[in-house]
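1. Return a 3D structure for these sequence lines:
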Amino acid sequence: MERYSNGRCKVYLAEFKNVTSNDIFYKVGYTAYKDAADRFRYESDQYKKCDIRILSTIICNSTFTAKMIEKIFHLHYPKNFWLEEKIVGVTEIFKVDREKYLDLLRIFRTMNEHSKAILDLKDKT
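-> Numbering: from 1, shown residues only. Have a look, this model is predicted:
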């Protein structure tokens, strides 16, 4: 589980699917792990009831930038349901309909391309 050492980090969009109920919800957060999925492998016991997929990431040059981007997403996609399990980041989870999900994914992917260009990371991670 490799981490960035130069102050960089990633804002991620993760999809959670409950393995028993097939309930789906999303989380926007940030991590210093180069592979954003490692963020959920670190304390994996609390996530054992969910299959987790990282749908997209946005590379940031600092934690401050990542926190700002994350906060903007949380303002637009606030927590909107109750989850019985206690997981880290439970206040950052939300559900959206298909149309809003596709918009969110498009925004993330566009921002990912822009962040790579700004940080001169085209074709890099």
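
2. Quick check: Lys116 touching Ile59?
-> Yes. Using Cβ atoms under 8 Å, Lys116 is in contact with Ile59, at 6.3 Å. From N, CA and C alone the C-beta is placed, and that goes for glycine too.

3. Between these two, point out the one with more neighbours.
-> Counted by other Cβ atoms under 10 Å, Lys116 and Ile59 do not tie: Ile59 has more neighbours, with 22 against 16.

4. Just give me the neighbour total for the closest residue to Arg41 other than its chain neighbours.
-> Distance criterion Cβ to Cβ, 6 or more residues apart in numbering; nearest residue to Arg41, sequence neighbours excluded, is Met1 at 6.6 Å. Met1: 10 surrounding residues under other Cβ under 10 Å.

5. same deal with Pro78?
-> That count, for Pro78 with other Cβ under 10 Å as the rule, works out to 11.

6. Adjust the sequence numbering to begin at 28 for everything that follows.
-> Shifting the count to begin at 28 puts that one at Pro105.

7. For burial, what's the neighbour tally of the closest residue to it other than its chain neighbours?
-> Excluding its sequence neighbours, the residue lying closest to Pro105 (Cβ to Cβ, 6+ apart) is Phe121, at 6.5 Å. Residues near Phe121, counting by other Cβ under 10 Å, number 19.

8. Report the beta-bridge partners for Phe121.
-> Per DSSP bridges, the residues bridged to Phe121 are Tyr53.
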